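Undergrad: just the structure for this:
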Amino acid sequence: MPDLFDLQPQPPAASAAPRPLADRLRPRALSEVIGQAHLLGEDGALTVMLRAGSLGSLILWGPPGVGKTTIARLLAAETDLSFVQISAIFTGVAELRQVFEAARVRRANGTGTLLFVDEIHRFNKAQQDSFLPHMEDGTILLVGATTENPSFELNAALLSRAQVLVLERLSPADLERLAQRAEHELGRALPLDGPAREALIEMADGDGRALLNLIEQVMAWKVEGRLDTAALAARLQKRAAQYDKSGDAHYNLISALHKSVRGSDPDAALYWLARMLAGGEDPRYLARRITRMATEDIGLADPQALRLCLDAWETYERLGSPEGELALAQAVVHLALAPKSNATYTAFKAAMAAAKKTGSLPPPKHILNAPTKLMAEQGYGAGYEYDHDAEGGFSGQNYFPDGMKRGVYYQPVERGFERELKKRLDYFTRLRARRQAGG
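TA: Numbering: from 1, shown residues only. Here you go, the predicted model:
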């Protein structure tokens with residue numbers, strides 16, 4: 001179904017069959033499209049391309065109901081290209097061959113083809129590759145639409161031949177303009193008071209098509225006067241937030257949660273946690289990611305943080321939803337307000353890099369056990385100093401492979417408990433230097 005939103009009334013259809021409001025308000029020119037000013041404004045990317053006569057293949061990336069199909073259709077009209085629309089969900093290899101052949105014949109007759117591919121990310125690699133020769137020789141101008149991040153879902157070869165344009169969700173102001181156009185088309189105002197009108201726009205969640213569908217429902221009611229927010233809520237179910245647990249929103253929201261915790265903002269962290277839970281995210285996934293935050297961003301600056309996260313995870317397993325989700329919220333607040341350190345995380349990555357670089361260097365023989373006579377004869381354990389018997393419980397011996405330069409990986413920060421660990425580390429570093437110098 002096309003993305004429909006902003007629009008001027010069209011002449012009546014010949015058929016008396018009722019037409020959906022979204023269809024009646026279909027734009028007939030790019031200037032009528034609501035929203036996407038960064039693309040369609042005076043200096044917008046698409047405006048500049050059309051003005052220069054240099055429109056190339058495009059990938060339109062954005063959420064549902066923001067005008068991807070509408071813009072593609074109008075681009076074809078602006079450039080005198082034949083508009084052909086297919087969906088990756090319903091189109092197979094045989095149908096693609098027919099589309100390409102028809103475009104080839106059309107081109108031979110002097111007419112170009114703008115091929116609009118909805119849900120283009122659903123084509124597999126081979127299907128995506130099949131577009132390339134027809135894009136290169138000018139048989140088609142491809143305009144693909146996707147709600148998923150093209151960087152992950154589309155082939156590099158296809159992306160290199162098309163420009164990605166990002167479409168934004170419609171703002172409340174955009175949706176209000178759309179509502180006014182709908183009222184003009186229908187010849188009457190929405191039977192809602194101010195707060196209820198705002199609530200209706202909020203229900204659309206940035207989706208123009210969803211708003212028109214909601215408006216059509218409201219206008220069908222037989223009511224006297226104007227409904228308030230409570231009456232509207234009683235008649236309409238709130239639209240579920242856009243959230244795909246395996247898609248782009250999943251990764252964007254967990255990134256927002258993680259960075260809010262790292263940025264010591266408990267309110268923002270709670271908001272993103274709530275957004276994910278409201279979207280249907282598995283709380284166990286969140287428990288795992290929250291625990292990861294404790295090890296990656298808090299570390300030994302607050303040694304209790306990891307234990308608290310594990311306890312919150314276990315609490316959720318025992319209580320389930322929704323009661324157990326409060327334990328996850330408690331862990332998130334603790335992490336957001338905890339002193340931050342990635343010193344252990346950084347140290348471990350550095351140690352892993354050193355381990356891969358040094359390969360199979362053996363430990364020094366003095367720290368190897370010698371359970372057999374042969375091993376003792378080979379020098380295993382020779383010269384080992386038992387730290388508990390050394391002065392201060394510290395021998396200062398070398399524990400790295402012989403011949404390997406001593407690594408320095410763990411560098412604690414001056415925050416939280418790591419401040420105390422830094423004091424200990426500095427003390428042992430000084431003491432080691434004295435012992436190795438014979439002092």
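
Undergrad: how long is stretch 393-401 end to end?
TA: Distance between the boundary residues of stretch 393-401 (C-alpha to C-alpha, to the nearest Å) amounts to 22 Å.

Undergrad: next, the buried residues of it.
TA: Of the residues in stretch 393-401, 395, 396, 397 count as buried by neighbour count, 16 or more other C-beta atoms under 10 Å. Backbone N, C-alpha and C define where each C-beta goes, glycine included.

Undergrad: just the mean pLDDT for that stretch, thanks.
TA: Here stretch 393-401 scores 91 as its mean pLDDT.

Undergrad: outside of that stretch, which residues touch it?
TA: Defining contact as C-beta atoms under 8 Å, 6 or more residues apart in numbering, one finds that stretch 393-401 is touched by 358, 361-364, 366-367, 384-387, 390, 406-407, 428, 431-432, 434-436.

Undergrad: show me which of the residues you listed are buried.
TA: By neighbour count, with 16+ other C-beta under 10 Å, the contacts of stretch 393-401 hold 364, 366, 384, 431, 432, 435 as buried.

Undergrad: quick check, nearest of the residues you listed to residue 70?
TA: Among the buried ones among the contacts of stretch 393-401, residue 432 lies closest to residue 70 (C-beta to C-beta), at 70.4 Å.

Undergrad: measure that closest one to residue 387 for me?
TA: 12 Å (C-beta to C-beta, to the nearest Å).

Undergrad: find the nearest non-adjacent residue to residue 73, please.
TA: With C-beta to C-beta, 6 or more residues apart in numbering as the measure, residue 83 is the residue that lies nearest to residue 73, at 5.6 Å, once sequence neighbours are left out.

Undergrad: my bad, should have said residue 265
TA: Nearest residue to residue 265 in three dimensions, chain neighbours excluded: residue 336, at 6.1 Å (C-beta to C-beta, 6+ apart).

Undergrad: export the buried residues of stretch 393-401 to CSV and tack on secondary structure and distance to residue 27?
TA: Shown next, in CSV, are the buried residues of stretch 393-401 (DSSP: H, G, I helix; E, B strand; the rest coil; distance: C-beta to C-beta, whole Å):
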residue, secondary structure, distance to residue 27
395, coil, 80
396, coil, 78
397, coil, 78
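
Undergrad: contact partners for the residue lying closest to residue 122 once chain neighbours are set aside?
TA: If the residues on either side of it in the chain are set aside, residue 122 comes closest to residue 88, at 4.0 Å by C-beta to C-beta, 6+ apart. Contacts here follow C-beta under 8 Å, 6+ apart; on that basis residue 88 touches 117, 118, 119, 120, 121, 122, 123, 127.

Undergrad: phi, psi of residue 88?
TA: phi -60, psi -20 (degrees, to the nearest 10).

Undergrad: can you tell me how far it is from residue 387?
TA: Residue 88 sits 66 Å away from residue 387 when distances are taken as C-beta to C-beta.

Undergrad: how about residue 33?
TA: When distances are taken as C-beta to C-beta, residue 33 and residue 387 turn out to be 74 Å apart.

Undergrad: cool, and residue 393?
TA: Remark: distance between residue 393 and residue 387 (C-beta to C-beta) = 6 Å.

Undergrad: do residue 197 as well
TA: Residue 197 is 75 Å from residue 387, where distance means C-beta to C-beta.

Undergrad: what mean pLDDT does stretch 424-432 have?
TA: The average pLDDT within stretch 424-432 is 92.

Undergrad: which residues does that stretch contact?
TA: Contacts with stretch 424-432, where a contact means C-beta under 8 Å, 6+ apart, come from 392, 394, 396, 410, 412.

Undergrad: name the SS class of residue 159, please.
TA: Applying DSSP: H, G, I helix; E, B strand; the rest coil to residue 159 yields a three-state assignment of helix.

Undergrad: so for the nearest residue to residue 47 once chain neighbours are set aside, what's the pLDDT?
TA: If the residues on either side of it in the chain are set aside, residue 47 comes closest to residue 40, at 6.0 Å by C-beta to C-beta, 6+ apart. For residue 40, the model assigns a pLDDT of 95.

Undergrad: same question, residue 361
TA: For residue 361, the predicted pLDDT is 89.

Undergrad: and stretch 368-381, C-alpha only, in PDB?
TA: The C-alpha atoms that make up stretch 368-381 are tabulated as PDB, following Å, rounded to 0.1, in the frame of the first residue of the first chain:
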ATOM      1  CA  LEU A 368      56.000 -23.700  36.800                       C
ATOM      2  CA  ASN A 369      55.300 -26.600  39.100                       C
ATOM      3  CA  ALA A 370      57.700 -29.600  39.100                       C
ATOM      4  CA  PRO A 371      55.700 -32.700  40.200                       C
ATOM      5  CA  THR A 372      58.200 -35.000  38.600                       C
ATOM      6  CA  LYS A 373      62.000 -35.400  39.000                       C
ATOM      7  CA  LEU A 374      62.500 -34.800  35.300                       C
ATOM      8  CA  MET A 375      60.700 -31.500  35.400                       C
ATOM      9  CA  ALA A 376      62.700 -30.500  38.400                       C
ATOM     10  CA  GLU A 377      65.900 -31.400  36.500                       C
ATOM     11  CA  GLN A 378      64.700 -29.200  33.700                       C
ATOM     12  CA  GLY A 379      64.600 -26.200  36.100                       C
ATOM     13  CA  TYR A 380      60.800 -26.100  36.700                       C
ATOM     14  CA  GLY A 381      60.200 -24.100  39.900                       C
END
